Structure formats: C-alpha cells, structure tokens
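**Student:** Need coordinates for the following:
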Amino acid sequence: MARNFKTQLAGQIGESLVVAELGRCGIVANTLAGNVPDIDLLAYRTTIYGAPRACLRSLHRRGMLQLLQGGGL
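**Tutor:** Residues are numbered from 1 along each chain as shown. Next comes the predicted model:
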C-alpha cells in the first residue's frame, strides 16, 4: 500500500498545533499514535464540579474537529 507521507506529516503537524492551542487555553491534551483507529487526540478540562467538559475527536471524512460536550467522555 502506497502512503502519502506529505499528507501524514501535515496531519501530525496539525494535531500538534491543536494540542498546543488547547494547552494555551488551559486544557490538557495529548495525541494518540498507533493502534487507536477512531481517536486522534484526547482533551480534558475539569469544571467546577470536577466532571469532564469536552472531548475532541477528528473526523477523517471531513477533515474537521467535532466537539462533544456533556458529562462523559
């Protein structure tokens, strides 16, 4: 299977920039590499009550981020 390394590199750079920006906003985030097929990065921010506030997930089909809000990840 042929791989497009420029596309992969651009994706990794983009994920790193998103993690850096989330860190500037006070959100702890980390990229996941390897064998996690549906999740590219995890983000965690506690609220006053200590519950998770948001989880970011990359949508491969559209190339955009989806923000899932609620009490659970």
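**Student:** which residues of this structure fall in helices?
**Tutor:** 5-24 (DSSP state H).
**Student:** Now stretch 29-49: buried residues?
**Tutor:** By neighbour count with 16 or more other CB atoms under 10 Å, stretch 29-49 contains the buried residues 29, 40, 41, 42, 43. No exception for glycine: its C-beta is placed from N, CA and C like everyone else's.
**Student:** The third one pairs with what?
**Tutor:** When bridges are assigned using DSSP bridges, the partners listed for residue 41 are residue 31.
**Student:** per-residue pLDDT, it?
**Tutor:** On pLDDT, residue 41 comes in at 82.
**Student:** how close does it get to residue 5?
**Tutor:** Computed as CB to CB, to the nearest Å, the residue 41 to residue 5 distance reads 20 Å.
**Student:** same deal with the fourth one?
**Tutor:** Here the criterion is CB to CB. By it, residue 42 lies 25 Å from residue 5.
**Student:** and of the buried residues of stretch 29-49, the nearest to residue 9?
**Tutor:** Set against residue 9, the nearest of the buried residues of stretch 29-49 by CB to CB is residue 40 (14.4 Å).
**Student:** Touching, that closest one and residue 14? I think so.
**Tutor:** No: in this structure residue 40 lies outside contact range of residue 14 using CB atoms under 8 Å: 9.4 Å.
**Student:** want to try JSON lines for the buried residues of stretch 29-49, with distance to residue 22 as columns?
**Tutor:** Listed next are those as JSON lines, based on distance: CB to CB, whole Å:
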{"residue": "29", "distance to residue 22": "4"}
{"residue": "40", "distance to residue 22": "13"}
{"residue": "41", "distance to residue 22": "8"}
{"residue": "42", "distance to residue 22": "10"}
{"residue": "43", "distance to residue 22": "5"}
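**Student:** What sits closest to residue 44 if chain neighbours are left out?
**Tutor:** In this structure, residue 44 finds its nearest non-sequential neighbour in residue 28, 4.9 Å apart by CB to CB, 6 or more residues apart in numbering.
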